[in-house]
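Visitor: Sequence and predicted model, in that order:
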Amino acid sequence: MKLPLQVSFHNTDPLPGVEEIIRDRAGRLDRYCDFIMSCRVVIDMPHKHHHTGNLYQIRLDITVPDDEIVISREASEHRAAKDLPAAIRDAFDAADRQLEDYVRCKRRDVKHHDDLSHARVRTIEVGQDFGFLETSDGREIYFHKNSLVNADFDSLTRGTEVAFVEEAGEKGPQATTVRVVGRHGGM
């Protein structure tokens, strides 16, 4: 972090060990994003409840280039808000996920399926939950219905074009991660 961590307490006194928990978790944020500019944490107890116990609100403001990530854990929405360390953990877990998404978006990381081979369904063994694919070079590849990603096994027909990852099986080559080409975001 370029600027020091800021921790503040509203409507409550700092509890022993809480600031150390916050500093530890804030220090770990650099694992997800190494260009965090600042981080502010506010612990608030807006109302003192005598019957239900004290409910904490946690707010994280994390500044990164071109954006600000805000995490707010409201007492009324989260059971863990009665347990301050659990509420802090939940807020920082959410911050971890949002920072990962931010970095992935900045890097324009996209999953590529370059290693997928193409084939057509040759046979479907009805009632057996498996079938065989035929590659363009005439090889026969076994596949199981559980390896289908974007299709229902019962809707497959002979000749359906698929893309797949090939692995060595017990009795020869088998297809995993079988995707029907051109359906619902397929190839």
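Guide: Ah, there it is.

Visitor: to the chain's geometric centre, what's the distance from the longest helix belonging to the chain?
Guide: Longest helix in the chain by number of residues (criterion: DSSP state H): helix 84-107. Between the centre of helix 84-107 and the centre of its chain there are 11 Å (Cα atoms, centre = their mean, to the nearest Å).

Visitor: Residue 126 - how many residues pack around it?
Guide: For residue 126, the count of nearby residues is 9 (other Cβ atoms under 10 Å). No exception for glycine: its C-beta is placed from N, CA and C like everyone else's.

Visitor: Then the one 3 residues further on?
Guide: Burial of residue 129 is recorded as 12 neighbouring residues (other Cβ under 10 Å).

Visitor: what's the domain layout of the chain?
Guide: 6-107, 117-180 (automatic domain parsing).

Visitor: quick one: secondary structure of residue 28?
Guide: Under DSSP: H, G, I helix; E, B strand; the rest coil, residue 28 falls in the helix class.

Visitor: Check whether residue 125 really touches residue 144, as I assumed.
Guide: No: the criterion here is Cβ atoms under 8 Å, and residue 125 misses it with residue 144 at 10.1 Å.

Visitor: which of the two has more neighbours?
Guide: Neighbour comparison, residue 125 and residue 144: the larger count goes to residue 144, with 16 against 10 (by other Cβ under 10 Å).

Visitor: Now do the contacts for the more buried one.
Guide: 129-130, 174 (Cβ atoms under 8 Å, 6 or more residues apart in numbering).

Visitor: ok, 10 Å please
Guide: Going by Cβ atoms under 10 Å, 6 or more residues apart in numbering, residue 144 touches 128-131, 153, 169, 174-176, 178.

Visitor: ditto for residue 84
Guide: 12, 15, 17-18, 21, 43, 45, 54-56, 58.

Visitor: which among the residues you listed end up buried?
Guide: By neighbour count, with 16 or more other Cβ atoms under 10 Å, those hold 18, 43, 45, 54-56, 58 as buried.
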